[in-house]
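Student: Turn this into a model:
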Amino acid sequence: MRSLLQTLRSTRRQFPLSTPVPSIRALATASDSLPPADAASPTASSSTSSTSDASTSAAEVQMPRGKWTPYTQRTGVIARKRGMTALWDQEGRRWPVTVLQLDSCQVVRHTPPIPTSTSPLHSLQLGCTNRPERTTSRPLLGHFRKAGVPPKRKLQEFRVTSDAVLPVGTELGAGHFVPGQYVDVTATSIGKGFQGVMKRHGFRGLKATHGVSLTHRSGGSTGQHQDPGRVLPGKKMAGHMGVVTRTVQNLLIHRIDSSLNCLFVRGSVPGSDDAFVSVKDSKKLVGYRAQSSFRKGVPEGEWLSRGVRELPTPAGTRDRADKEGWPQVVEWSGKQ
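Tutor: Numbers count the residues shown, from 1 in each chain. You can find the predicted model right below:
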């Protein structure tokens, strides 16, 4: 963790405030200069249709680059929380950010929708952080060998539309997200142990005056008289706090660093350092907002807020970023 923050400080010195920050539009519109999906070769289309074949590696498949639409549901990513730091914009304002690093995030399995199902969504299983084979169970070793990827410590599935399906073995990078867009982050909160009602539920407590004997932080009465004669379920009382799944919505991507594969997200994220967190496009400020703007007849470049024209589709992979020459460090410098 300390070495990562030292590397971030050295990267910050390479991009001072006086240096013009690379434009976000170069990254957001990287797919504009690419041929449409219909112009892809037959070999590429046939390779993409057989994404469930585990013997096909990501390097052998030439994915057709699609066009992002308000109804495109892209995959999320699994990242590691590396701690918090602060960034300053060009106007000198300080923004606290959380550093999330994508550690070998790869597609492990693709499950197409069941023909009898009413949902047209596909399922992509992603894995994060390589682990040694000696600490992996044999059933999981067979699962990873079939996919042709090294064993992973964390697995999670994401639902995607047909235009966002990725081949097995594809490695996602920080360029999957665009600075200026909003994301939803889900993780397991830090455990606090057994806590009272004031810390756990925010109770005010009793008065600390005469007549109150050693009950200043107590919860008070918890039930009624003989009827009903019990404590009703859901009563806020003292108990174990933390270690629950929490989702923080509508966090802004402030900066991406493709060289370190890091995301700089404004605000706090649940979980302790080195915890696994899932990052997805914001359901409200990306999906719902774009769909609402589309139905109202808003021009295409204004579907998303803060000047972001579109998102990398089907995904922002590391191979694609290297091949198309995306900038390594991109920071959001628009209006706050």
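Student: show me where pLDDT drops low in this structure?
Tutor: Within the chain, the ranges that satisfy pLDDT under 70 run 1-65, 334-336.
Student: can you pull out the strands in the stretch 1-150 of the chain?
Tutor: Counting by DSSP state E, counting those that start in this stretch, the stretch 1-150 of the chain has these strands, from start to end: 77-88, 94-101, 106-111, 122-130.
Student: Quick check: beta-bridge partners of the one residue sitting closest to the centre of the chain?
Tutor: In the chain, the residue lying closest to the centroid (Cα atoms, centre = their mean) is residue 279, at 0.9 Å. Assessed by DSSP bridges, residue 279 has beta-bridge partners residue 77, residue 185.
Student: what sits against it?
Tutor: Going by Cβ atoms under 8 Å, 6 or more residues apart in numbering, residue 279 touches 76-79, 100, 177, 183-185, 263, 265. Every residue, glycine included, has its C-beta placed from N, CA and C.
Student: List the buried residues for stretch 284-304?
Tutor: 285-287, 289-290, 293, 303-304 (16 or more other Cβ atoms under 10 Å).
Student: for it, the distance to its chain's centre please.
Tutor: Centroid displacement of stretch 284-304 relative to its chain, using Cα atoms, centre = their mean, to the nearest Å, is 21 Å.
Student: gap between the two ends of it?
Tutor: Terminal residues of stretch 284-304 lie 11 Å apart, using Cα to Cα, to the nearest Å.
Student: what does it contact?
Tutor: By Cβ under 8 Å, 6+ apart, stretch 284-304 touches 69-71, 73, 181-183, 249-250, 281, 305, 309-311.
Student: Make a ChimeraX selection of whichever of the residues you listed turn out to be buried.
Tutor: In ChimeraX syntax, the buried subset of the contacts of stretch 284-304 is picked out as below (16+ other Cβ under 10 Å):
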select :69,70,73,181,182,183,281,305,309,310,311
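Student: Which of the contacts of stretch 284-304 fall in strands?
Tutor: 182-183, 249-250, 281 (DSSP state E).
Student: Would you mark the buried spots in stretch 109-119?
Tutor: Within stretch 109-119, the residues that count as buried by 16+ other Cβ under 10 Å are 109-110.
Student: quick one: contacts of it?
Tutor: With Cβ under 8 Å, 6+ apart as the criterion, stretch 109-119 contacts 51-52, 54, 120-125, 143, 147, 165-168.
Student: Ends of it, what's the gap?
Tutor: 19 Å.
Student: still on that earlier bit, relative to residue 94, which of the buried residues of stretch 284-304 is nearest.
Tutor: Among these, residue 285 lies closest to residue 94 (Cβ to Cβ), at 23.2 Å.
Student: three-state assignment of that closest one?
Tutor: What DSSP: H, G, I helix; E, B strand; the rest coil gives for residue 285 is helix.
Student: which residues does the residue nearest to residue 79 when sequence neighbours are not counted contact?
Tutor: Nearest in space to residue 79, with sequence neighbours left out and distances taken as Cβ to Cβ, 6 or more residues apart in numbering, is residue 100 at 4.0 Å. Neighbour list for residue 100: 79-82, 185, 262-265, 269, 277, 279 [criterion: Cβ under 8 Å, 6+ apart].
Student: give me the beta-bridge partners of residue 100?
Tutor: residue 81, residue 263.
Student: Distance of it relative to residue 82?
Tutor: Applying Cβ to Cβ, to the nearest Å, the value for residue 100 to residue 82 is 7 Å.
Student: list the residues that contact both of those two?
Tutor: Common neighbours of residue 100 and residue 82 (criterion: Cβ under 8 Å, 6+ apart): residue 262.
Student: quick one: the helices in the protein?
Tutor: Ranges of helices within the chain are 2-14, 25-28, 42-49, 138-147, 197-201, 289-295, 318-324, based on DSSP state H.
Student: for the fifth one, which positions count as buried?
Tutor: When burial is assessed from 16+ other Cβ under 10 Å, helix 197-201 yields the following buried residues: 197, 200.
Student: so what does it touch, helix or strand wise?
Tutor: strand 239-241 (3 or more Cβ pairs under 8 Å, 6 or more residues apart in numbering; DSSP states H and E).
Student: The strand it packs on pairs with which strands?
Tutor: Counting by DSSP bridges, strand 239-241 is paired with strand 193-195 (antiparallel).
Student: what distance separates the partner strand from the middle of the whole chain?
Tutor: Relative to its chain's centre, strand 193-195 lies at 29 Å (Cα atoms, centre = their mean).
Student: what comes into contact with it?
Tutor: Applying Cβ under 8 Å, 6+ apart, the external contacts of strand 193-195 come out as 238-242.
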